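# okay, here's the prediction I keep looking at, along with the sequence it came from:
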Amino acid sequence: MNRDVLILAGALALAPWPAAAQVAGPVGHGEMPACPDSGGNHLNYVPATGSFACGASGPAWSGAMVGVSAAVSMAATGGSFTQMQVWNRKIVDTASFWSAAAPGQFTIPAGVSRVRVSLSVGQTGIGSNQFVVLHNGLLATGSFRISVPSGYNNNGATGMSGVIAVAPGDTVAVSYASALAFTLSADVTTWFQIEAVP
């Protein structure tokens, strides 16, 4: 009996073990050679064959950013919100979100169903104003409410919305309310941006 057990154990020890399967999936850049990165986001993959491959992580960025070409005098609104019609300088636009014919808004192109918007305001003069997002002329679900406090000179604020559900042809804009007049600065800190969300 002991002799049979020893023979069986020896046979198992000498038998080739099956190779462990490699599971395809992303690995960290420190674990495998990194993909060449020319500006996009990438993941490294090791297929079951064991060879190295490179794959893109998602769709290209789609959106637009606009600014102002000169300082803009913004009137007091008496507490009511008024759509900003000041955006006259296209900084980037990948899918015709913005048009000089309708400078106060972005128009949603085909293929986009969710967006996120950001606003950065540089201003001089007394603040005491607020900014919100409009979707088809109404306060958007997911809007930010940016407040610039009164009593400061050369102040400003930046904010980002939540994800806003949209359809092609919809409009997205920014509305402001101000107790006092102020001047919107024409510099790199004043811009309005939209981006499609996958």
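Done, it's in. Keep in mind the model is a prediction, meaning the values are calculated, not measured.
# poorly predicted segments of this protein, please.
1-58, 126-127, 150-154 (pLDDT under 70).
# what about the helices in it?
Using DSSP state H, the helices of the chain run over residues 2-14.
# please parse it into its domains.
16-56, 63-196 (automatic domain parsing).
# I'd like these as CSV, with mean neighbour count appended.
(Glycine included, C-beta is placed from N, CA and C.) What follows is the domains of the chain, written out as CSV (neighbours: other Cβ atoms under 10 Å):
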stretch, mean neighbour count
domain 16-56, 11
domain 63-196, 17
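# which ones are touching V163?
Contacts for V163 (Cβ atoms under 8 Å, 6 or more residues apart in numbering) come out as 114-116, 142, 197.
# by residue count, which strand of the protein is the longest?
strand 114-124 (DSSP state E).
# show me what that one is packed up against.
Using 3 or more Cβ pairs under 8 Å, 6 or more residues apart in numbering; DSSP states H and E, the elements in contact with strand 114-124 are strand 129-135, strand 145-148, strand 156-160, strand 164-165, strand 171-178, strand 182-184, strand 191-196.
# between these, which gets nearest to F97?
strand 191-196 (5.6 Å; Cβ to Cβ).
# list the strands paired with the closest one, with their directions.
Using DSSP bridges, the strands paired with strand 191-196 in its sheet are strand 63-67 (antiparallel), strand 114-124 (antiparallel).
# can you redo those as CSV with distance to S99?
CSV is the format used below for these (distance: least, Cβ to Cβ, whole Å):
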stretch, distance to S99
strand 63-67, 10
strand 114-124, 16
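# ok, which of those comes nearest G79?
strand 114-124 (18.1 Å).
# angle of the closest one against strand 129-135?
160 degrees (axes from the mean of the first three to the mean of the last three Cα atoms, to 10 degrees).
# next, give me the two most distant ones among the contacts of V163.
G142 and V197 (10.6 Å).
# now the helices and strands packed on strand 114-124 as TSV including distance to F106?
Converted to TSV, the helices and strands packed on strand 114-124 look like this (distance: least, Cβ to Cβ, whole Å):
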stretch	distance to F106
strand 129-135	10
strand 145-148	17
strand 156-160	15
strand 164-165	11
strand 171-178	5
strand 182-184	18
strand 191-196	5
